[in-house]
Structures are given as C-alpha cells and as structure tokens.
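In: Could you look at this predicted model? Sequence included:
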Amino acid sequence: MTLDELYTPCLIADKGIVKRNIDRMNKQAERLGVALRPHVKTAKSVEVALMINGGSVGPITVSTLREAEYFAAAGFKDIIYAVSMVPEKLDRAKDIIDRGVDLKMIIDNADVARAISDAGVRYHRVYKLMVEIDVDMHRAGLSPDDPEMLNVARAINDGEGTELAGVLTHAGESYHSKNEEDLIAAAQNERDLIVRAAENIRAAGLPCPIVSCGSTPTATHAKDLSGVTELRAGVYVFQDLYQAGSGNADAESDLALSVLTTVISHKKNQNRIITDAGGMALSKDQSTRGTDFDAGYGLVADIDGKIIDNLYVCSANQEHGIITTRDGSAFDFDRFPIGTRLRILPNHACMTAAAYDKYNVVDGGREIVEIWNRCNGW
C-alpha cells in the first residue's frame, strides 16, 4: 500500500527521520555521560521505544498508567510514572509491579507519602517513590531548598511501605526559550537545581540514588550534567513545528510526523482550500502562535513531505482544515484540485498523535513499509 491508497485523515511517520532523531539524542546522552530514559508519552509505541534502545527493552518514562501497562506487557521492566501519584491509583500500580516491573512514582506531599506507605504495608509491597522537584515552571513539585522537600523525602524513607528512589524534574519553561543562549541557560539551571535537591537530601542522611532531569529542549542543549544520573526527553523522536521554531529541530529535515489529508473543497471567494483534517485530526494546539514561526494549526507539505512555501492551516473546525496563503496572495487552485493529497506538519506531535491508534510508516517514499501501533487513554 502507498500514501495514495490510504483513507484520510491518517497519521504518517517517516522511519528514517525517526531513526536519525533517535541516534542524535542517544549520542548526546553518551557525550554527557548519563543514561537516557526516553519519555514514551509522545510516540506511545513499543516499536519506537525499541528503536531507541537498539531493538531491546530499556528504561522508559511514562505519563499514564495505561502506558505503563502497555509497555509492561511488551517486556519493559524499568519504568518511571512521571505524574504525581495519588493513593487511589495504587491498585493499578500494584498490578504493574506484580508483573515484575520496577515501577517508580513521583510525589511532592508528605501526607501522600505516608498514605502510600500505609497502602504498601496493607498490600505487602514496598512502593518506590521519587520527590518531584520544581526548577522553573511551578507546575508541580517542590523547590530544592524548600524544607518541605526534605519532609517529603524523610516521610518516604521512614515509611515501611515506601522506598526513596531519588529526585526528578522537568524544565518545562525551557519551551519558552527564545534562542540557543536561553536554552543552554535553561539546561544548566535544570541541572544545578536538581543536583542541589539531591545534595540536600544526602546531607540530611537520606539516600538519593536517581537524579533525573530532562526535556527535549534542555536535553538537546545541555553542556554539563555532572551529578545527574539520567536524562529524559520525549518529543525528540518525532520533533514538531514548536521544536523547529524554538531552534531544537529543522523543519525541513527533522519532522518525522505528519497527517495525511485530502482536499475536499475549494472556497475561491475566500482564497482557501478545505481538507478533511480538522481539529480532531490535527488537534487545536497553536503553540507556535505569537512567535516568528507562527504556523497556525500546521504547515502544509506535499504528499512526499516537502513543505509547500507560503501555505498553512489557518483555521480548524472539527472535521475541516482550512488552508490559505500566509501572505494573503492569490491561491493557485489549479495546483491543488479536489482529491489532492497533502501532509500537515503538526505544532505539537504529542497532541496530534493522540487522535490515532497507529502510525502508517514510510521511509522516505510513499510506500507503507510498516505499521506501528500505539496506546491511548489513561
């Protein structure tokens, strides 16, 4: 089967680009002297996760327990669930651990630590917990010098049903960096603060074996990760327009993910064409909005993946994607007759991929060479 035969809209991944992106990050982790624990929330695919580790299972990060279950079923045994854990979800965590998985979870609250310990005692389990550290974006986690951070670490360590596994952070504000200098500074700040948290815990006489940090921007631009044990990143496997606009990827060569769509209507009086890939197929993420790289709801490429200059998805209804020229010049309708197949490059690969249950995989051409499955839900 080829791209000309697929039912649209559908998700396309270019294997060659994915492999190049993976190789680049693997070399970066090796250069920095840290283990790479990829965040699989972007691809949510066993095939992609195996590619990262040369065909073998390896350590991974997940953002849902559904992902943890899916990857555990495929033989992945070293997993961090990197969203704050609550006692109400421990039954599922216990079931994952009972599959032989070394599951580590994150928290930022001492009362939660004690509640999880109590559950561990009841279940005759010891839950491995990490303290989430806030280094910049103030989403979740505790500052490294906050006395409460040590209270949480101590509560975990003292609990009969818990074990202190380390500290973890995500430099989310790095996504708002404007240039390479900002990105390098964000990576250094992330490293400095997560290492300080680990040092504070050890100075209090507590163990801190894992020191985990990362995001695609900081992982890409980090110069020194002394004191860090592992690096996490996720979207780098596919890259997207936001990463390209932030200087972390090249839009022409590094974007592996696209949505195949069909032109279904011409609106000549509005200088627009309409496709069958709307907000449900692309997502309504506009993370490039307001930047010099504003791509609307996605940039337009031809069926072979080559970006078409001056076109973008200016609007997205539920099942309609509306394409026009960026500079307002007259649209060449004859070039894109109804039935034409195009590919839309997404602003945010994670959001766009979430609408699909599989990747139609090409390798630089139009032929579908593989199908990669993915998991969805929570």
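Out: Sure thing, it's come through.
In: Chain neighbours aside, what residue packs nearest to Gly328?
Out: Asn271 (7.6 Å; C-beta to C-beta, 6 or more residues apart in numbering). The C-beta positions use only the backbone N, C-alpha and C, and glycine is treated the same way.
In: low pLDDT regions in the stretch 51-200 of the chain?
Out: Scanning the stretch 51-200 of the chain for pLDDT under 70 picks out 173-174, 177.
In: Quick check: Cys350 touching Tyr236?
Out: No: contact criterion C-beta atoms under 8 Å: Cys350 and Tyr236 do not qualify, at 11.5 Å.
In: which of the two has more neighbours?
Out: Set Cys350 next to Tyr236 and count neighbours by other C-beta atoms under 10 Å: Tyr236 wins out with 28 against 20.
In: and the more buried one, what does it touch?
Out: Residues in contact with Tyr236 (C-beta atoms under 8 Å, 6 or more residues apart in numbering) are 21-22, 24-25, 216, 219-220, 243, 248-249.
In: Let's see which of those residues end up in helices.
Out: 21-22, 24-25, 216, 219-220, 243 (DSSP state H).
In: For ChimeraX, what selects the buried ones among those?
Out: To isolate the buried ones among the ones in helices among the contacts of Tyr236 in ChimeraX, judged by 16 or more other C-beta atoms under 10 Å, type:
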select :21,22,25,216,219,220,243
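In: how about the ones in helices among the contacts of Tyr236 in CSV, adding pLDDT and distance to Cys208?
Out: As requested, these are exported to CSV (pLDDT from 0 to 100; distance: C-beta to C-beta, whole Å):
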residue, pLDDT, distance to Cys208
Asn21, 98, 31
Ile22, 98, 29
Arg24, 97, 30
Met25, 98, 25
Thr216, 93, 25
Ala219, 94, 21
Thr220, 95, 26
Gln243, 93, 31
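In: Quick check: the two most widely separated of the ones in helices among the contacts of Tyr236?
Out: Ile22 and Gln243 (14.6 Å; C-beta to C-beta).
In: circling back to that earlier point, distance to Gly377 for the contacts of Tyr236 - can I get that in a markdown table?
Out: Shown next, in a markdown table, are these (distance: C-beta to C-beta, whole Å):
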| residue | distance to Gly377 |
| --- | --- |
| Asn21 | 26 |
| Ile22 | 25 |
| Arg24 | 30 |
| Met25 | 27 |
| Thr216 | 24 |
| Ala219 | 27 |
| Thr220 | 30 |
| Gln243 | 25 |
| Asn248 | 28 |
| Ala249 | 28 |
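In: nearest to Gln286, of those?
Out: So of the contacts of Tyr236, ranked by how close each gets to Gln286 (C-beta to C-beta), first place is Gln243, at 15.0 Å.
In: Please list all residues in contact with the closest one.
Out: Remark: with contacts taken as C-beta under 8 Å, 6+ apart, Gln243 is in contact with 216-217, 235-236, 249, 254.
In: Return the distance of the residue nearest to Gly328 relative to Ile322.
Out: 10 Å (C-beta to C-beta, to the nearest Å).
In: With Val235 instead?
Out: 26 Å.
In: Which of the two has more residues huddled nearby?
Out: The residue with more neighbours, out of Val235 and Ile322, is Val235; 25 against 20, by other C-beta under 10 Å.
In: what does stretch 22-30 contact?
Out: Contacts of stretch 22-30 (C-beta under 8 Å, 6+ apart): 35-36, 38, 51-52, 219-220, 222, 231, 233, 236-237.
In: go on, stretch 262-276?
Out: 8-9, 261, 314, 319-325, 328, 330-331, 333, 336-342, 344.
In: That stretch - what's its average pLDDT?
Out: For stretch 262-276, the mean per-residue pLDDT is 97.
In: How far does that stretch sit from its chain's centre?
Out: Stretch 262-276 sits 32 Å away from the centroid of its parent chain (C-alpha atoms, centre = their mean, to the nearest Å).
In: May I see the buried residues of it?
Out: So, applying 16+ other C-beta under 10 Å, buried residues of stretch 262-276: 262-264, 266, 271-276.
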